[in-house]
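In: Below are the sequence and a predicted model for it; my questions follow.
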Amino acid sequence: MKKLLLSTFIMINLLTGCSSDSDYNEVETYNDKDVLYKKAAVLQDAAAQFALGANYYFGQNGYTQDYSQAKKWFEASAKQGYTTSQYNLGLMYNKGEGVKPDYKKAIMYYEQAAQANFVRAQNNLGLIYYEGKVVPQDLDKAKFWFEKAANQGHLKSQVALATIYLSNKKNYPKGLELLKQGLKANNPEAQLLMGVLYYNGIAVSQDINEAKKYYDLACKNGLQKGCELSKNSQ
């Protein structure tokens, strides 16, 4: 039962959504649709292609949501090595957004972005190899990619990596050290996992009151599972 409880927490909110992050904000605002299209289609500007794809993906800035068009422009940008577009394509194929799910392509695009240190691609690869649903489970590969992301400060990957370490008694100190980093950052997944450890007496002395305290913190920080476990621990 303890292993089951631990393993479920790797899956909580680790698959992150499509990105319109700093890479998008660093390019021009492109208030003029004609300017954006010219830069993307005529000048083959990878950042503009990404921006156009993001507009179609999210249905923002006056564009109607259109996954087919998003995919088209992400692909054009990805071919030029634009990592955020590679990641977004991986996510679309992983989740089947506008395309049939194709996990080989998802992994291919994730790996392209991950090799360029795109942290969310690294996290998602770790999750894929940990779950073992679409490829054979490979904990060594999962650990490799979670470590890559965790070393860049990705909190969810730190929690996932801590979970892997905490499944083996001899690695409890490493797992707890990683978990402390997440707790310092007020990360709800870390709080939830800490609650599980206290509730089950894994790597720490069993303490139901401490477990409830961490469940309540996770709940307060928006993690519904924390609310549920807090009620069940009473």
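Out: Sure, I can see it.
In: and residue 185, backbone torsions?
Out: The phi and psi values for residue 185, taken as degrees, to the nearest 10, are phi -90, psi 10.
In: Now do the same contact list for it.
Out: Applying CB atoms under 8 Å, 6 or more residues apart in numbering, we find residue 185 in contact with residue 155. Quick note: C-beta positions are derived from backbone N, CA and C, even for glycine.
In: switch to 10 Å and redo it
Out: Contact analysis of residue 185 by CB atoms under 10 Å, 6 or more residues apart in numbering lists 153, 155, 158.
In: Type out the ChimeraX command that picks the buried ones from those.
Out: Selection of buried members from these for ChimeraX, criterion 16 or more other CB atoms under 10 Å:
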select :155,158
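In: Filter the contacts of residue 185 down to the ones in helices?
Out: Judged by DSSP state H, those include 155, 158 as members of helices.
In: now the contacts of residue 185 as JSON lines including pLDDT and distance to residue 61?
Out: Formatted as JSON lines, the contacts of residue 185 follow (pLDDT from 0 to 100; distance: CB to CB, whole Å):
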{"residue": "153", "pLDDT": "91", "distance to residue 61": "30"}
{"residue": "155", "pLDDT": "90", "distance to residue 61": "30"}
{"residue": "158", "pLDDT": "92", "distance to residue 61": "34"}
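In: Buried residues, stretch 69-85. List them.
Out: Residues of stretch 69-85 classed as buried: 69-71, 73-78, 82-85 (neighbour count, 16+ other CB under 10 Å).
In: and residue 62, how many residues sit next to it?
Out: By the criterion of other CB atoms under 10 Å, residue 62 has 8 neighbours.
In: Distance of it relative to residue 41?
Out: The span separating residue 62 from residue 41 equals 18 Å under the rule CB to CB, to the nearest Å.
In: try residue 70
Out: Per CB to CB, residue 70 is found 15 Å from residue 41.
In: about what we covered before: ok, which pair from the buried residues of stretch 69-85 is furthest apart?
Out: Using CB to CB, the two most remote members of the buried residues of stretch 69-85 are 69 and 83, lying 20.4 Å apart.
In: Following the chain onward from the helix or strand of the chain with the lowest mean pLDDT, which element is next?
Out: Least confident helix or strand, the chain: helix 22-26 with a mean of 38, by mean pLDDT, DSSP states H and E. Sequence order places helix 33-37 as the next helix or strand after helix 22-26, per DSSP states H and E.
In: where's that next one relative to the chain centroid, distance-wise?
Out: Relative to its chain's centre, helix 33-37 lies at 31 Å (CA atoms, centre = their mean, to the nearest Å).
In: go on, stretch 125-144?
Out: For stretch 125-144, the separation from the chain centroid amounts to 14 Å (computed by CA atoms, centre = their mean).
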